[in-house]
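Undergrad: Got a predicted structure plus its sequence, pasted below:
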Amino acid sequence: MAAATSQATTADANDVGRVDVEDLEYSGGRREQRPWEQKLFFWLCAGFSAFHLWVLVGPVVVKEIDTALGLGQVFYRTVAANIDQELFRAIHLAWGATLGFGFYSLAKGRGTKGIPWYDWLLMLGALACAVYMWRNLDDLQMNQGAVYETPDLVYSLVGLVVVFEFTRRTAGNALTIIVGAFLLYAMFGHVFPEGSPLYHNKSLTDVWFVFPYLYSNLGVFGTTLEVSSTFIIMFTVFAAFLGRSRAGDYFNDLAVSLVGWARGGPAKVAVLSGVMFGSVSGSSVANVVASGAVTIPMMRRVGYDRNTAGAIEATSSTGGQITPPVLGAAAFIMAEVTGLKYAEIAAAAIIPCLLFYIACYAHCDLHAAKHGLRGIPRAELPRLGPLLMRLYMMAPIAVLIWAFITGYSAFLAAALGMTLCIAVSWFNGIRWSRNGVTWRRGDDVMGGRAVVEALEIGAKDCIQLVAVCASAGIIVGVIALTGVGGRFAQIMQAIAGENQLLAMFFTMVIVTILGMGMPTTAAYAIAAAVVAPGLQQIGVPKLVAHMFIFYFAVLSAITPPVAVASFAAAGMARGDPWKTSWIAVKMGLATFLVPFMFFYSPVLLGQGTFWEIAHTFVTAAIGVWLLACATEGWFTEALSLVPRAVLAAAAICLITPGAITDLVGIGLAAVAWTLQHYIFRTRHA
């Protein structure tokens, strides 16, 4: 075994650099508000979340009250919200845009204190559009996609200007430019030579028609904004409640206690933390900042270099978005677009998620073995006994899974989770002493103020996603208006022919490039609208096509040259962003292969009998571990070049579903072990 060359450092929390999430994830700068503006927007945020809870969950609750009290539907008709769905989405967009213009300035570096007049004007424009829809809802719904009047044109122009600027500030220039290109194509695509791939025969004698068409239920207020105003806001607020109840701190403490003592323990803590905390957060960067503050100093202390510590945190945090039961926000769009139940999508993600984290854990263990890194002394770790006494902190997640399995609506499942977050937090006030059991209220007990704070945090976390979904609606509307999606499918067929593998490779490249310049949700939404139909036309199953796109949209967060999760982790570890990104790619290498594997065999998505799924999972798990051995260069001892190459081939064979490939993989692994054993004996003869 290689001698331990790294000595434990004395790194502590001061060894971690500060990273601003907004600086990495938002195009506009977070402005400093005046005191009265801070109070106003605090309550606007809390009201935003409360409004959605009232509309989405309120009717179910009051109906149950009516039934319990035998009131018929008297209470329901009096209290429950009865808002047209399109108007509800318009309010959702206008309110979200108001928050966006209030919190984010025109550009980074424009350090004005307070909200300038032009942002108040933009907020007024956003609210005016919602009011106009409310006053003219019937006429707008009757005329959409057919005719328009001059006031409708002005209303749609103002609305689209608001959407574009809202998107630019919160989701970046890349998404804004792409959406603008689609808008121009809708207006002028008919000027291309007839017969060219970009020509569309929706010859618009009146190009202004495009604006009312897109600022309607056929564009902005379509499927993607429906998902934002329902599923995404509910689960974003649920994540805020979970964080405010200090469940995230509990997950970290539990992970530290379980594996912090092991070889390379702090790195393994980062992996477990990514599974537990990352599954309820929709942002890789937010996951990095939240858990990296704990795990990166610990990794530095036991001897991990800065780049490796950052890469481990970036990779494990990115995996949170592919972790059931709450996947990233894009998964909710997937459920709506494909027509599949969200529970089916979450179930399909289980095996790829497990393979991802097995690979991460294997890399941590092998790196520690290679460099002789130890864990944290047990005496310095949180005691497992008291933590097990607080397993009730897992109740919100457990109930969420139960609600999905038993068929409850996603809205009610999220609401039950929020209620349990409040309930379990009150158990945190229990104090055990020799004099008996007492209760004392602390910061980890959620009272009225804490509930309002959770509502406020949930709204802030949702702002970017509102803009992304509104912009994605424009793209969907342009595709429906021009039929460009079908022609893109024809182009893909012309390039790839009937070679599905080549088409999947092109898809990987497209989605990865999109994900480098915009949030995961936006990258998935665009690719799902443009690329997925083409894949389905050449015979790729619907679930496979969409999951393939989703996974590469997520993995773009650790893919150079623009890898926001890796950059955030490098900033916290004070390492080199480029080196950190490439180490993260090495750690996530198995997950870059898994989407191609479930393309070959949907068994990895849980499509098959129990024994087929179990067999495929076991062999694939062995494969990702062997791939980690090959990339780390360690397999009970330092690997030589030839055994390392053979082991990599064995790993790929085992990850690929199939009895023959499994047998070949096992045989190659045996050859690699024999070669390494022979080389080792020769060297030490």
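TA: Sure thing, it's come through.
Undergrad: ranges for the helices of the stretch 551-685 of the chain?
TA: Remark: helices assigned in the stretch 551-685 of the chain by DSSP state H, counting those that start in this stretch are 564-573, 577-587, 589-600, 610-632, 641-655, 659-683.
Undergrad: and if you look at the stretch 51-200 of the chain?
TA: So, for the stretch 51-200 of the chain - with DSSP H, counting those that start in this stretch - the helices run 58-69, 74-79, 85-103, 117-135, 137-143, 150-171, 173-188.
Undergrad: And Asp119, how far from Gly385?
TA: Using Cβ to Cβ, to the nearest Å, Asp119 is found at 53 Å from Gly385. Glycine gets a C-beta too; all of them are placed from N, C-alpha and C.
Undergrad: Which residue of those two possesses the greater neighbour count?
TA: Just comparing Asp119 and Gly385: by other Cβ atoms under 10 Å the higher neighbour count belongs to Asp119, 22 against 8.
Undergrad: so can I have TSV of the helices of the stretch 551-685 of the chain showing mean pLDDT?
TA: TSV is the format used below for the helices of the stretch 551-685 of the chain (pLDDT from 0 to 100):
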stretch	mean pLDDT
helix 564-573	85
helix 577-587	88
helix 589-600	84
helix 610-632	90
helix 641-655	89
helix 659-683	82
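Undergrad: got TSV for those, with mean neighbour count and distance to Pro35 too?
TA: As requested, these are exported to TSV (neighbours: other Cβ atoms under 10 Å; distance: least, Cβ to Cβ, whole Å):
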stretch	mean neighbour count	distance to Pro35
helix 564-573	29	30
helix 577-587	23	37
helix 589-600	22	46
helix 610-632	20	53
helix 641-655	21	57
helix 659-683	15	64
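Undergrad: Format the ones you listed as a markdown table; extra columns: distance to His371.
TA: Shown next, in a markdown table, are these (distance: least, Cβ to Cβ, whole Å):
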| stretch | distance to His371 |
| --- | --- |
| helix 564-573 | 16 |
| helix 577-587 | 13 |
| helix 589-600 | 19 |
| helix 610-632 | 10 |
| helix 641-655 | 17 |
| helix 659-683 | 19 |
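Undergrad: Of all those, which one comes closest to Glu37?
TA: Taking Cβ to Cβ, helix 564-573 is the member of the helices of the stretch 551-685 of the chain nearest to Glu37, at 28.1 Å.
Undergrad: Would you pull up how far that closest one lies from the middle of the chain?
TA: Helix 564-573 sits 17 Å away from the centroid of its parent chain (Cα atoms, centre = their mean, to the nearest Å).
Undergrad: Equivalent analysis for stretch 252-268, please.
TA: Per Cα atoms, centre = their mean, the centroid offset for stretch 252-268 relative to its chain is 24 Å.
Undergrad: Break the chain down into its structural domains.
TA: Here the domain parsing of the chain from automatic domain parsing is 25-225, 608-685.
Undergrad: Can you lay out those domains as CSV showing distance to Thr580?
TA: Putting those into CSV (distance: least, Cβ to Cβ, whole Å) gives the following:
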stretch, distance to Thr580
domain 25-225, 18
domain 608-685, 16
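Undergrad: Among the ones you listed, which comes closest to Pro519?
TA: domain 25-225 (5.8 Å).
Undergrad: pLDDT (mean, whole number) over the closest one?
TA: Per-residue pLDDT values across domain 25-225 average out to 84.
Undergrad: Excluding chain neighbours, give the residue nearest to Leu175 in space.
TA: Met518 (4.2 Å; Cβ to Cβ, 6 or more residues apart in numbering).
Undergrad: Was I right to think that neighbour contacts Thr170?
TA: No. Counting by Cβ atoms under 8 Å, Met518 does not reach Thr170; the two are 10.8 Å apart.
Undergrad: can you tell me which of the domains of the chain comes nearest to Arg574?
TA: Nearest of the domains of the chain (Cβ to Cβ): domain 25-225, 20.2 Å.
Undergrad: Report the distance from that closest one to the chain centre.
TA: Worked out by Cα atoms, centre = their mean, domain 25-225 lies 22 Å from the chain centre.
Undergrad: One more: stretch 470-481?
TA: 22 Å.
Undergrad: List the contacts of that stretch.
TA: 93, 160, 163-164, 166-167, 171, 175-176, 178-179, 182-183, 185-186, 202, 210, 213-214, 216, 218-225, 228, 333, 484-485, 521-522, 525-526, 529-530 (Cβ atoms under 8 Å, 6 or more residues apart in numbering).
Undergrad: Now the lengthiest helix in the chain: buried residues?
TA: For the chain, the helix reaching the highest residue count under DSSP state H is reported as helix 448-482. If you call a residue buried by 16 or more other Cβ atoms under 10 Å, then helix 448-482 has these buried ones: 450-482.
Undergrad: low pLDDT regions in the stretch 451-600 of the chain?
TA: 485-487, 489, 493, 495-498, 517 (pLDDT under 70).
Undergrad: how does it look with 90?
TA: For the stretch 451-600 of the chain, the stretches with pLDDT under 90 are 461-462, 464-465, 476-541, 552-579, 584-600.
Undergrad: and the residue nearest to Pro561 when sequence neighbours are not counted, what does it touch?
TA: Leaving aside its chain neighbours, Pro561 sits nearest to Met516 (7.2 Å; criterion: Cβ to Cβ, 6+ apart). Met516 sits next to Ser556, Thr559, Pro561, Val562, Ala563 when contact means Cβ under 8 Å, 6+ apart.
Undergrad: how near is the fourth one to Ala309?
TA: What that stands for is Val562. Val562 sits 21 Å away from Ala309, going by Cβ to Cβ.
Undergrad: now do the second one
TA: Relative to Ala309, Thr559 is positioned 19 Å away (criterion: Cβ to Cβ).
Undergrad: circling back to that earlier point, any idea how many residues pack against the residue nearest to Leu175?
TA: Close neighbours of Met518, defined as other Cβ under 10 Å, add up to 25.
Undergrad: List the contacts of Tyr155.
TA: Cys129, Tyr132, Met133, Pro212, Tyr215.
Undergrad: hmm, 10 Å instead?
TA: Taking Cβ atoms under 10 Å, 6 or more residues apart in numbering, we find Tyr155 in contact with 125, 128-129, 131-133, 136, 140, 148-149, 211-212, 215.
Undergrad: Check the residues you listed against Val55 and report the nearest one.
TA: Nearest to Val55 among the contacts of Tyr155, with distances taken as Cβ to Cβ, is Met133, at 15.9 Å.
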